[in-house]
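**Student:** What shape does this take:
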Amino acid sequence: MKNTTAGLPVKFNILNYSKPDSMFNYGMKVSIYSERKAEAQQVGWHRGCSDIKYFKNQVRKDLVHQKFYHTLTFTHEFEFDEDTVFFAYCYPYSYTDL
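**Tutor:** Residues are numbered from 1 along each chain as shown. Here you go, the predicted structure:
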């Protein structure tokens, strides 16, 4: 996300996951990186967000076997104006780190 507004909560819905369950249902949080927070507080990737839910939606994946896709939904409140914020399932790492 770019051009954020401090204090503004935004709800994200990511559709079409295939797994029937997720670690998000057991307390895992979304990975976040804020460019402004990294500058001001030397904080890199960290876990956060609120109201995290992972559930089956009504979009059919397979008509024959009656399989459905799943949705991840979460809310994030931005801390800084005019920031660039990245979200990820897990902490990104480079090929060198691997």
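**Student:** Could you tell me the per-residue confidence at the nearest residue to Glu82 once chain neighbours are set aside?
**Tutor:** Counting by C-beta to C-beta, 6 or more residues apart in numbering, Glu82 lies nearest to Asn3, which is 6.1 Å off, once chain neighbours are set aside. Glycine gets a C-beta too; all of them are placed from N, C-alpha and C. pLDDT, Asn3: 94.
**Student:** now the one 3 residues further on
**Tutor:** In the predicted model, Ala6 carries a pLDDT score of 97.
**Student:** For the spatially closest residue to it that is not a sequence neighbour, give me its contacts.
**Tutor:** Of all residues not flanking Ala6 in the chain, Asp81 sits nearest, at 4.8 Å (C-beta to C-beta, 6+ apart). Counting by C-beta atoms under 8 Å, 6 or more residues apart in numbering, Asp81 makes contact with 4-6.
**Student:** quick one: least confident helix or strand in this protein?
**Tutor:** When the helices and strands of the chain are compared on mean pLDDT, DSSP states H and E, strand 50-62 comes out lowest with a mean of 92.
**Student:** got the contact list for that strand?
**Tutor:** For strand 50-62, contacts defined as C-beta under 8 Å, 6+ apart pick out 11, 15-18, 20-22, 24-25, 28-30, 66-77.
**Student:** Mind doing that once more with 6 Å?
**Tutor:** Contacting residues not belonging to strand 50-62 are listed as 22, 24-25, 67-75 [C-beta atoms under 6 Å, 6 or more residues apart in numbering].
**Student:** List the buried residues for stretch 48-62?
**Tutor:** Within stretch 48-62, the residues scored as buried using 16 or more other C-beta atoms under 10 Å are 49, 52, 54.
**Student:** Nearest spatial neighbour of the residue positioned nearest the centre of the chain, chain-adjacent residues omitted?
**Tutor:** Nearest to the geometric centre of the chain sits Val30, at 4.5 Å (C-alpha atoms, centre = their mean). What sits nearest to Val30 in space, not counting adjacent residues and going by C-beta to C-beta, 6+ apart, is Cys49, at 4.4 Å.
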